[in-house]
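*Asks:* I'll drop the sequence and a predicted model, then ask my questions.
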Amino acid sequence: MNANEIFELIGALIILFGSIISVISAIGMVRFYDVYTRAHAATKTTTVAVLIALFGAFIFFWLGSEGYFSVRLVLGIIFVFLTSPVAGHLVLRAAYRSKTKLAEQTADDELKPILFGDKHE
């Protein structure tokens, strides 16, 4: 094995690792109880999974046999890193402000007195 094949293998393993994290995220989305915990699984772990997979593709193409530096992959990494957490936050904020119920397993709602005061049901 030469160095290019080793870097291709490393890139492929990183992509595989990102795919495994994505599957774990999908399992979390199915198993969690309410919109808040499901969105946590959807945004946090999926963001990490996509970033790892894109980084693995970047390594594969840049250090592998191609020697191709992809600006599109770098921009994709930056775009996902910036937009996915913000979108998840806005979706959860809208769900909370529309009074979507928390799961029964939720111990305390610390945001309710801050946003609505102590008079809110």
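*Replies:* Received the coordinates, thanks. Numbers count the residues shown, from 1 in each chain.
*Asks:* residue closest to the middle of this protein?
*Replies:* residue 47 (2.0 Å; C-alpha atoms, centre = their mean).
*Asks:* That one contacts residue 85, doesn't it?
*Replies:* Yes. With contact defined as C-beta atoms under 8 Å, residue 47 reaches residue 85; the gap is 6.3 Å. Where C-beta positions appear, they are placed from N, C-alpha and C, glycine not excepted.
*Asks:* can you pull the buried residues of the helix ranked longest in the chain?
*Replies:* For the chain, the helix with the greatest residue count under DSSP state H is helix 3-31. For helix 3-31, burial by neighbour count (16 or more other C-beta atoms under 10 Å) applies to 7-8, 11, 14-15, 18, 21-22, 25, 28-29.
*Asks:* any chance of those in CSV, with distance to residue 73 and pLDDT too?
*Replies:* CSV is the format used below for the buried residues of helix 3-31 (distance: C-beta to C-beta, whole Å; pLDDT from 0 to 100):
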residue, distance to residue 73, pLDDT
7, 15, 84
8, 15, 86
11, 11, 86
14, 12, 91
15, 12, 90
18, 13, 90
21, 18, 89
22, 17, 89
25, 21, 87
28, 26, 84
29, 26, 85
